[in-house]
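**Q** after the sequence you'll find the predicted model.
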Amino acid sequence: MYWLFMLLAIGCFAFAVKTPSTGLMMLSLFGALLFLLAWVRGRYVATFGGSQRDTGSEIYNAIDPTELRRLREQAQARRDAERDPNDLPPSP
């Protein structure tokens, strides 16, 4: 499909070279540029894939629930150890 954009870009460029009108020449050169950019994007998507990796969800999936629970307990114990013993515990 993206090769169609390349053919359209070539057609617009050929039309720009042949036309005697300056306005049509500028319009067709602009169209050739747009079709060329669409071709480059299509080629990139076809080569490397369109979707970007979701690295945020991979971090959460890398830690299993038991390890996550253990880390939370360690963090809570660290917070409790740093708390001033004269402070009252938080009321529910």
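**A** Thanks, I have the structure now. Numbers count the residues shown, from 1 in each chain.

**Q** next one: the helix or strand that T47 is a member of to chain centre, how far?
**A** For T47, the host element (DSSP states H and E) is helix 22-48. Mean C-alpha position of helix 22-48 versus that of the full chain (Cα atoms, centre = their mean, to the nearest Å) differs by 21 Å.

**Q** can you give me the mean pLDDT across that helix?
**A** In this model, helix 22-48 carries a mean pLDDT of 94.

**Q** can you check stretch 64-72 too?
**A** Stretch 64-72 comes out with an average pLDDT of 88.

**Q** please point out which parts of it sit buried.
**A** By 16 or more other Cβ atoms under 10 Å, stretch 64-72 has no buried positions at all. Every residue, glycine included, has its C-beta placed from N, CA and C.

**Q** list the neighbours of that stretch that are in contact with it.
**A** I63 (Cβ atoms under 8 Å, 6 or more residues apart in numbering).

**Q** may I have the residues that are in contact with the residue nearest to R41 when sequence neighbours are not counted?
**A** Spatially, and ignoring its direct neighbours in sequence, R41 is nearest to Y2 (7.7 Å; Cβ to Cβ, 6 or more residues apart in numbering). Residues near Y2 by Cβ under 8 Å, 6+ apart: 38-39, 41-43, 45-46.

**Q** would you mind writing the ChimeraX command to select the buried ones in those?
**A** If you want just the buried ones from the contacts of Y2 in ChimeraX, going by 16+ other Cβ under 10 Å, the selection is:
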select :38,39,42
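
**Q** distance to D80 for the contacts of Y2 - can I get that in CSV?
**A** Formatted as CSV, the entries for those read as follows, by distance: Cβ to Cβ, whole Å:
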residue, distance to D80
A38, 59
W39, 61
R41, 54
G42, 57
R43, 58
V45, 52
A46, 56
